[in-house]
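1. Sequence first, then the predicted structure, then my questions.
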Amino acid sequence: MQPMRYSAAMSQASIFTLGLVQMACDEQLDANLSRALEWMGQAVASGATLVCLPELFRSRYFCQREDAALFDLAETIPGPTTQAVGAFCAKHRVTAIASVFEKRAPGLYHNTAVIIGPAGTILGLYRKMHIPDDPRYFEKFYFTPGDLGFRAFDTAVGRVGTLICWDQWYPEGARLTALQGAMLLFYPTAIGWLPEDKAEYGPKQQDAWRTIQRSHAIANGVFVAAANRVGWEPGEELGQGIEFWGSSFICGPDGDILADAPSDKETVLLAEIDFARVERFRRGWPFLRDRRVDAYGGIVQRYGDMASEAGAPTKSP
């Protein structure tokens, strides 16, 4: 299978090839890891120097049920996944983002993205900040909310940031990561349809998912890359499960889709990223310049009835 590719006009030396792995996952942990490395190899063979894997790719999406025995899937950082991906990065001189079910301490677990550099060393961690609790997405049972904040990391290709799946619905996370200098935001993801919802809500759900992430690109003048898993993963009861909708994509600072994947098969997605576009876009639409940072105090309140305490204007009696 030939990876899908988008070619941009090469205007400056800030251009590099980005690769996203869209893959299916099964119950065999080591087999999933081996397949992930094979897909990464295809990305590198096609010129990628930065590769992102989907959320929790080493196992099936175990959060479909609450089961304390599944904590055994967690691993330390460094651990087996980061060591294998690190060895790959060192061999091929590339940077990777790998999603790990992190065992931080006994009884303390996180959903963590690890940034690994071309020397095979860990450049940094991002722990998922927003943790969902929905039917067949029982993540609050497994994951402690992140305590590292929203972060950007210097890599061999430039400054990037990563968030994780449910974070993609929150403009605050994207904005705070961009304000740290990230010019590319990653969203390793595990999202799909419940069979009982797909007919009525499926197209709208998928469109909303893409739209919100494209809006992060536009509002912040950055590239956005979402790497999703794909395929059917059964649930605890017959007929239950999740059909992961794939559709991984890469978009530019103006929200234009540079490359996108199908909803029903594994693939490597490739696009050439030109960070000079960030400067050009922000000169034309200077959203960061025009922010009213003096008037946003209410954003740290849960809801508007506390806005006056945060310094927002109040009406006269």
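-> Thanks, I have it.

2. which residues of the stretch 151-300 of the chain fall in strands?
-> Secondary structure of the stretch 151-300 of the chain, counting by DSSP state E, counting those that start in this stretch: strands at 152-155, 158-162, 184-189, 192-193, 223-228, 230-234, 241-245, 249-251, 257-260, 267-274.

3. Ok, which of these comes nearest residue 134?
-> strand 241-245 (10.8 Å; C-beta to C-beta). In short, each C-beta sits where N, CA and C put it, glycine included.

4. for the chain, what are the low-confidence residue spans?
-> Along the chain, segments meeting pLDDT under 70 span 1-13, 306-317.

5. hey, where'd the helices end up in it?
-> 29-45, 80-92, 171-178, 195-220, 276-284 (DSSP state H).

6. Point out the most buried one among the ones you listed.
-> helix 171-178 (a mean of 21; mean count of other C-beta atoms under 10 Å).

7. Pull that helix out as PDB, backbone CA atoms only.
-> In PDB, the C-alpha atoms belonging to helix 171-178 read as follows (Å, rounded to 0.1, in the frame of the first residue of the first chain):
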ATOM      1  CA  PRO A 171     -10.100  25.600  22.800                       C
ATOM      2  CA  GLU A 172      -8.300  26.600  26.100                       C
ATOM      3  CA  GLY A 173      -5.900  23.700  25.700                       C
ATOM      4  CA  ALA A 174      -5.000  24.500  22.100                       C
ATOM      5  CA  ARG A 175      -4.600  28.200  22.900                       C
ATOM      6  CA  LEU A 176      -2.400  27.700  25.900                       C
ATOM      7  CA  THR A 177      -0.200  25.200  24.000                       C
ATOM      8  CA  ALA A 178       0.100  27.600  21.100                       C
END
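
8. related to what we said a few turns ago, mind putting the strands of the stretch 151-300 of the chain in JSON lines, mean neighbour count and distance to residue 71 included?
-> Shown next, in JSON lines, are the strands of the stretch 151-300 of the chain (neighbours: other C-beta atoms under 10 Å; distance: least, C-beta to C-beta, whole Å):
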{"stretch": "strand 152-155", "mean neighbour count": "19", "distance to residue 71": "28"}
{"stretch": "strand 158-162", "mean neighbour count": "23", "distance to residue 71": "24"}
{"stretch": "strand 184-189", "mean neighbour count": "28", "distance to residue 71": "21"}
{"stretch": "strand 192-193", "mean neighbour count": "24", "distance to residue 71": "23"}
{"stretch": "strand 223-228", "mean neighbour count": "27", "distance to residue 71": "24"}
{"stretch": "strand 230-234", "mean neighbour count": "18", "distance to residue 71": "19"}
{"stretch": "strand 241-245", "mean neighbour count": "22", "distance to residue 71": "20"}
{"stretch": "strand 249-251", "mean neighbour count": "25", "distance to residue 71": "32"}
{"stretch": "strand 257-260", "mean neighbour count": "18", "distance to residue 71": "35"}
{"stretch": "strand 267-274", "mean neighbour count": "24", "distance to residue 71": "32"}
